[in-house]
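Novice: Give me coordinates for this.
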Amino acid sequence: MRFAFFAASMAVCLGTVAAFVMTRYGHFRGKTALSSMVTAPLVMPEVITGLSLLLLFVQMAQLIGWPADRGMATIWIAHTTFCSAYVAVVVAARLREVDRSIEEAAMDLGSPPVKTFFFVTLPVIAPALAAGWLLAFTLSLDDLVIASFVSGPRDNTLPMVVFSSVRMGVSPKINALATLIILTVSLATLLAWYFMRRSEAKRQSVIQQGEEA
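Specialist: Next up, the predicted model:
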């Protein structure tokens, strides 16, 4: 799961930057090309993505000597590449709904653009960032095809290990692992629902108190 954790974390950073550039900057040269490259992994088959990344790593190893062999670094880069596209789409949709007047008011009061982003924009889009991270984590944890292309003999992801074990027959370890994953996802979903419901109840209470006042 460490591959999925690191890939999802990096995908959130890159996807947020890409979404911010696509939504907040006007028309500039190369914007169409950037948008196409960001969204290309969404429609590209995983076999093509994995093969393309494999050829890229082989060519880089011949030209600059890195990566010397495929392993955790190449899997991390590959998963970050296609997970960033999903994060960018989720965050961009949220950024388009953000009220720009709040950011403009903060900058009118003397807040620099960077500080405005971290203290005004970032808290507003935090749910989208969390959703993008969970989506990227799930996609990376579930990926088998791309990881098969870019992994080495010493580094394997969870789907690769499960697939290798299932080919030899379903063992009790696979059943136990599937049960743990289902229980973990169910518990996470229940907790998310509980906190969302409590947050909505607090928001309605504040609105009601404001109307009464």
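Novice: Can you name the residues that contact S148?
Specialist: With contact set as Cβ atoms under 8 Å, 6 or more residues apart in numbering, S148 has these partners: 50, 160. Heads up, the C-betas are built off the backbone N, CA and C, glycines and all.
Novice: In three-state terms, label it for me.
Specialist: helix (DSSP: H, G, I helix; E, B strand; the rest coil).
Novice: quick one: it from A105, how far?
Specialist: Shown here: S148 relative to A105, a distance of 51 Å by Cβ to Cβ, to the nearest Å.
Novice: repeat for Q59
Specialist: Taking Cβ to Cβ, one finds Q59 at 50 Å from A105.
Novice: How about A176?
Specialist: The gap separating A176 from A105 is 54 Å, by Cβ to Cβ.
Novice: More neighbours: which of these two?
Specialist: Between A176 and A105, counting by other Cβ atoms under 10 Å, A105 is the more crowded of the two (13 against 10).
Novice: Show me what the helix or strand where that one lies packs onto, helices and strands only.
Specialist: Secondary structure assignment for A105, by DSSP states H and E: helix 100-108. With contacts taken as 3 or more Cβ pairs under 8 Å, 6 or more residues apart in numbering; DSSP states H and E, helix 100-108 sits against helix 113-116.
Novice: what comes up buried for the helix holding A105?
Specialist: For helix 100-108, the buried set under the neighbour-count rule, 16 or more other Cβ atoms under 10 Å, comprises 103, 106.
Novice: Likewise for stretch 106-125?
Specialist: By neighbour count on 16+ other Cβ under 10 Å, the buried set for stretch 106-125 is 106, 111, 116-117, 120-121, 125.
Novice: Greatest separation within the residues you listed: which pair is it?
Specialist: The distance between the two most remote of these (Cβ to Cβ) is 16.9 Å, for S111 and I125.
Novice: what helix or strand is the closest residue in space to A40 that isn't next to it in sequence on?
Specialist: The shortest distance from A40 to any residue other than its chain neighbours is 7.2 Å, reached at A85 (Cβ to Cβ, 6 or more residues apart in numbering). Secondary structure here is read from DSSP H and E; on that basis A85 sits in helix 72-97.
Novice: Quick one: mean pLDDT over that helix.
Specialist: Looking at helix 72-97 alone, the average pLDDT works out to 92.
Novice: which helices and strands does it pack with?
Specialist: With contacts defined as 3+ Cβ pairs under 8 Å, 6+ apart, helix 72-97 has these neighbours: helix 2-24, helix 31-43, helix 46-64, helix 126-142, helix 145-150.
Novice: Out of those helices, which gets nearest to G71?
Specialist: Using Cβ to Cβ as the measure, helix 145-150 is the one of the helices and strands packed on helix 72-97 that comes nearest G71, at 8.9 Å.
Novice: After that closest one, which helix or strand is next?
Specialist: helix 158-167.
Novice: May I see the domains of the protein written out as residue ranges?
Specialist: The domain map for the chain lists 2-156, 170-213, with the assignment taken from automatic domain parsing.
Novice: End to end on the first one, go ahead and measure it.
Specialist: One end of domain 2-156 to the other measures 11 Å (Cα to Cα, to the nearest Å).
Novice: show me what contacts the residue nearest the centre of the chain?
Specialist: With distances taken as Cα atoms, centre = their mean, the chain has A136 as the residue nearest its mean C-alpha position (3.4 Å). Taking Cβ under 8 Å, 6+ apart, we find A136 in contact with 7-8, 11-12, 15, 83-84, 86-87.
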